[in-house]
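Undergrad: coordinates only, sequence not included:
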């Protein structure tokens, strides 16, 4: 999992995390929440939904165009979290 | 003793400290940069004062952070401090208000949120629980969103009776509980809802801010979306105290924490003209519970002035004589150390000021 700069503080400064889970993006984020709960809640709200201005790419594909949290995540897949270009 | 002034802005929290009885200030920040800080509380009931900040990242969502070293370091629990239970189907947009409970409940902190809900903490603001009875209130589906969103922006626990608490929301009005939040009744009798077909509804008023009198806890002051009111029966009924003000529109309403009958506000022309009246930077003060009002401007900018002061961007401290503070949407912050008689600038060129809170620490 690749993390943007503003979220690395919640991962001990790491820009990459290895998450031992698979199947779907939702399962990966559930596993992330178990180990890094503050990081996980910056990506998803308490309903488990992706925050509006957080984008998640699975192997380069925006998950919002490929099944959302049900997007398949295979072994060795790269999950990248990117904040939207938004704000002022 | 120092005085701490916490300044929540659209892009972080700034902390101003004065060590010379509020003559000069040193400003640090931004803490929590690039978050909007709609709510801040200085909880001086604890042996070590606790700062609480409701911070919202437009990307990464809302949270509540606490500091037990006057802002030098901040902490967030692993769990979300304020979160809606799964069965509500709701998610937190932001925390609008953080309010310490009474002196006899030193670990109680209340949080008012968007969407309109009330949360209560019994661990000093580290974790909060939804107050179900207000969330389940049959009126809730009828509450509307004000321009800033649908939020409980005011929480006023009774200073002597922990069973009594009052909330105000935009748009919905005032609600009161007399049983520690187990049930809620609207308290809007006498508050006019300008623009609605029924101008005197049971609820639905756009109350902008409510403050409680220092001497008489049954006495409350309200700045409404058109209308300035006082209640002498703990929010059951209200009567106008707008005579003597240049406008009855505005956002803040601040009561002196120690001097009964003294309140301050910052009138704007109207909802379609959100400029200070006469385009002048003036605070208005009443020393007799709204009977008479006087403009205060010594030390404030003298030229044309256009920024507004938001509902929580004015506050008082607990020093003697009382200090008053306000911040503007143009990022200026002014302080008075003599109850508003004269003012000086604490900071300028900050992001939009959303809230201020001050205390002797």
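TA: Perfect, I can see it now. Nothing here was measured: the structure is a model prediction, and the numbers come from that model. Numbering: from 1, shown residues only, chains lettered A, B, ... in the order given.

Undergrad: number of nearby residues for residue 41?
TA: Here I'm looking at chain A. 22 (other Cβ atoms under 10 Å in any protein chain shown). C-betas here are computed from N, CA, C, even on glycine.

Undergrad: nope, chain B
TA: The number of residues packed near residue B:41 is 24, by other Cβ under 10 Å.

Undergrad: quick check, it in a strand?
TA: Yes. Counting by DSSP: H, G, I helix; E, B strand; the rest coil, residue B:41 falls inside a strand.

Undergrad: okay, now the unreliable bits of the chain?
TA: Picked chain A for this. Counting by pLDDT under 70, chain A has low-confidence residues at A:87-88.

Undergrad: quick one: the helices in it?
TA: A:25-35, A:37-43 (DSSP state H).

Undergrad: interface residues of chain A facing chain B?
TA: Residues of chain A lying close to chain B (Cβ under 8 Å from any Cβ of the partner chain) are A:6-7, A:37-38, A:41-43, A:45-47, A:49, A:51, A:53-54, A:83-84, A:86-87.

Undergrad: out of those residues, which are inside strands?
TA: A:54, A:83 (DSSP state E).

Undergrad: any residues touching stretch A:46-65, and which ones?
TA: A:25-26, A:42-45, A:66, A:68-69, A:71-73, A:77-84, A:86-87, B:58-61, B:80, B:83-84, B:86, B:89-92 (Cβ atoms under 8 Å, 6 or more residues apart in numbering or on different chains).

Undergrad: from what I see, residue B:225 and residue B:191 are in contact.
TA: No. The criterion here is Cβ atoms under 8 Å, and residue B:225 misses it with residue B:191 at 9.7 Å.

Undergrad: which residues do those two both contact?
TA: B:205, B:207.

Undergrad: pick out whichever of the two has more residues nearby.
TA: Between residue B:225 and residue B:191, counted using other Cβ under 10 Å, the more crowded position is residue B:191 (28 against 23).

Undergrad: the more buried one against residue B:239, yeah?
TA: No. If you go by Cβ under 8 Å, residue B:191 and residue B:239 don't touch, sitting 9.6 Å apart.

Undergrad: find residues that contact each of these two.
TA: Contact criterion Cβ under 8 Å, 6+ apart; residues shared by residue B:191 and residue B:239: residue B:229.

Undergrad: ok now stretch A:79-88, how far from the chain's centre?
TA: Its chain's C-alpha centre and that of stretch A:79-88 lie 11 Å apart, by Cα atoms, centre = their mean, to the nearest Å.

Undergrad: now swap in stretch B:227-240 and tell me
TA: In terms of Cα atoms, centre = their mean, the centre of stretch B:227-240 is found 18 Å from the chain centre.

Undergrad: again with stretch B:77-91
TA: What separates the centre of stretch B:77-91 from the centre of its chain is 23 Å, taken as Cα atoms, centre = their mean.

Undergrad: now swap in stretch B:282-302 and tell me
TA: 19 Å.

Undergrad: cool, stretch B:256-265 as well?
TA: Centroid displacement of stretch B:256-265 relative to its chain, using Cα atoms, centre = their mean, is 14 Å.

Undergrad: do stretch B:23-35 as well
TA: Using Cα atoms, centre = their mean, the distance between the centre of stretch B:23-35 and that of its chain works out at 19 Å.

Undergrad: now do the same end-to-end measure for it.
TA: Chord length of stretch B:23-35, first to last residue, is 29 Å (Cα to Cα, to the nearest Å).

Undergrad: how about the residue nearest to residue A:18 when sequence neighbours are not counted, what does it touch?
TA: With sequence-adjacent residues excluded and distances taken as Cβ to Cβ, 6 or more residues apart in numbering or on different chains, residue A:18 is closest to residue A:1, at 7.5 Å. Residues near residue A:1 by Cβ under 8 Å, 6+ apart: A:16-19, A:28, A:32, A:78-81.

Undergrad: closest to chain B among those residues?
TA: The nearest member of the contacts of residue A:1 to chain B, counting by Cβ to the nearest Cβ, is residue A:81 at 9.9 Å.

Undergrad: my understanding was that the closest one contacts residue A:43; is that so?
TA: Yes. Residue A:81 is within contact range of residue A:43, at 6.0 Å (criterion: Cβ under 8 Å).

Undergrad: shared neighbours, the two?
TA: A:7, A:54, A:56.

Undergrad: from the residues you listed, pick the one nearest chain B.
TA: Nearest to chain B among those is residue A:54, at 6.0 Å by Cβ to the nearest Cβ.

Undergrad: count the neighbours of that closest one for me.
TA: Number of residues near residue A:54 (other Cβ under 10 Å) recorded here: 20.

Undergrad: A strand includes residue B:87, no?
TA: No. Assigned with three-state DSSP, residue B:87 falls outside any strand and is helix.

Undergrad: just want the most central residue of the chain.
TA: Using chain A. The residue lying closest to the centre of chain A (Cα atoms, centre = their mean) is residue A:81, at 5.0 Å.

Undergrad: that's the wrong chain, I meant chain B
TA: In chain B, the residue lying closest to the centroid (Cα atoms, centre = their mean) is residue B:312, at 3.8 Å.

Undergrad: partners of the residue nearest to the centre of chain A in the sheet?
TA: Assessed by DSSP bridges, residue A:81 has beta-bridge partners residue A:56.

Undergrad: now it: how far from residue A:23?
TA: Taking Cβ to Cβ, to the nearest Å as the measure, residue A:81 and residue A:23 are separated by 18 Å.

Undergrad: then residue B:183?
TA: Separation of residue B:183 from residue A:23 (Cβ to Cβ) stands at 46 Å.

Undergrad: same thing with residue B:82?
TA: Residue B:82 sits 31 Å away from residue A:23, going by Cβ to Cβ.

Undergrad: more neighbours, the two?
TA: Taking other Cβ under 10 Å, residue B:82 and residue A:23 do not tie; residue B:82 has more neighbours (23 against 11).

Undergrad: now that one. Nearest residue, chain neighbours left out?
TA: Computed as Cβ to Cβ, 6+ apart, the closest residue to residue B:82 that is not its neighbour in sequence is residue B:128, at 4.7 Å.

Undergrad: what's around that neighbour, how many residues?
TA: When neighbours are defined as other Cβ under 10 Å, residue B:128 has 24 of them.

Undergrad: ok, it to residue B:99 distance?
TA: When distance is defined by Cβ to Cβ, residue B:128 is 12 Å away from residue B:99.

Undergrad: thinking again about what came up before, please pick the buried ones from the contacts of stretch A:46-65.
TA: For the contacts of stretch A:46-65, a burial check counting by 16 or more other Cβ atoms under 10 Å in any protein chain shown picks out A:25-26, A:42-45, A:69, A:71, A:73, A:79-81, A:83, B:58-61, B:80, B:83-84, B:90-92.

Undergrad: what's the pLDDT at the most far-flung residue of chain B relative to its centre?
TA: Relative to the centre of chain B, and counting by Cα atoms, centre = their mean, the farthest-placed residue is residue B:87 at 29.4 Å. Note on residue B:87: pLDDT of 97.
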